[in-house]
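Chemist: got a sequence here, can you build the structure:
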Amino acid sequence: MLSTGCGLLSDRAAACTEKLESMSKQFAESDLLGLTPAGAKNIDKYVTTPCQDDDQVGRIGVSFDFTGDVLSYYDKELTARGWEPRGGGPRFEPGEVLDVGRPQQCFEDTRQPGVVLNVFVGVPKNFLEFQLNDAGMACAELLK
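Modeler: Alright, predicted model coming up:
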């Protein structure tokens, strides 16, 4: 059987809405991505729009090296800016492999429905990442 991949192209085309592209740009410019703990190193910003992602999920974030308490830092900083913690995955322990599919902390903001802001903790690489798609994202779904 010959597969042309048309289904994948159709799925990507559906994910490529002007609204999502605009939202991706908005989050890429968010001052929240400038929030990193004092002493963080190797700070890199990244943007993958839903159009660019095989799963049609936009991922806009920042990665950085830091070995301190990232979760407490973001709990304080993001909560002060209106993002509400909605739970998280198991805490990362040194020596374990980071499960990049499940955040250690997940935040939602009623002013940004369908968008989540995740914290992924690793040693030493950590991530603060907005996620969005056409269907809308929710921490409850990510943390199943």
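Chemist: need the three-state assignment for the spatially most central residue of the chain.
Modeler: Centroid-nearest residue in the chain: residue 129, 2.7 Å away (criterion: C-alpha atoms, centre = their mean). Each residue gets one of three states, and residue 129 gets strand by DSSP: H, G, I helix; E, B strand; the rest coil.
Chemist: just checking, next helix/strand downstream of the helix or strand bottoming out on mean pLDDT in the chain?
Modeler: Across the helices and strands of the chain, mean pLDDT, DSSP states H and E gives its lowest value to helix 6-15, namely a mean of 46. For helix 6-15, the succeeding helix or strand toward the C-terminus, using DSSP states H and E, is helix 18-28.
Chemist: which helices and strands does the very next helix or strand once past that following helix pack with?
Modeler: Next along the chain after helix 18-28, taking DSSP H and E as the criterion, comes strand 41-48. In terms of contacts (3 or more C-beta pairs under 8 Å, 6 or more residues apart in numbering; DSSP states H and E), strand 41-48 is packed against helix 18-28, strand 58-65. From N, CA and C alone the C-beta is placed, and that goes for glycine too.
Chemist: please redo it, this time with the cut-off set to 7 Å
Modeler: The contact analysis (3 or more C-beta pairs under 7 Å, 6 or more residues apart in numbering; DSSP states H and E) places strand 41-48 against strand 58-65.
Chemist: quick check: next helix or strand after the strand it packs on?
Modeler: Per DSSP H and E, the first helix or strand lying C-terminal to strand 58-65 is helix 70-80.
Chemist: give the rounded mean pLDDT of that following helix.
Modeler: Helix 70-80 carries an average pLDDT of 96.
Chemist: so which residues make contact with it?
Modeler: Helix 70-80 is contacted from outside by 35, 37, 85, 104-105, 107, 117, 119, 121, 126, 128, using C-beta atoms under 7 Å, 6 or more residues apart in numbering.
Chemist: who wins for neighbours among those?
Modeler: Compared across those, residue 117 has the highest neighbour count, 30 neighbours, by other C-beta atoms under 10 Å.
Chemist: what residues are up against that one?
Modeler: So residue 117 contacts 78, 83, 107, 130 (C-beta under 7 Å, 6+ apart).
Chemist: now do residue 33
Modeler: Per C-beta under 7 Å, 6+ apart, neighbours of residue 33: 45, 61-62, 128.
Chemist: alright, I will stop here.
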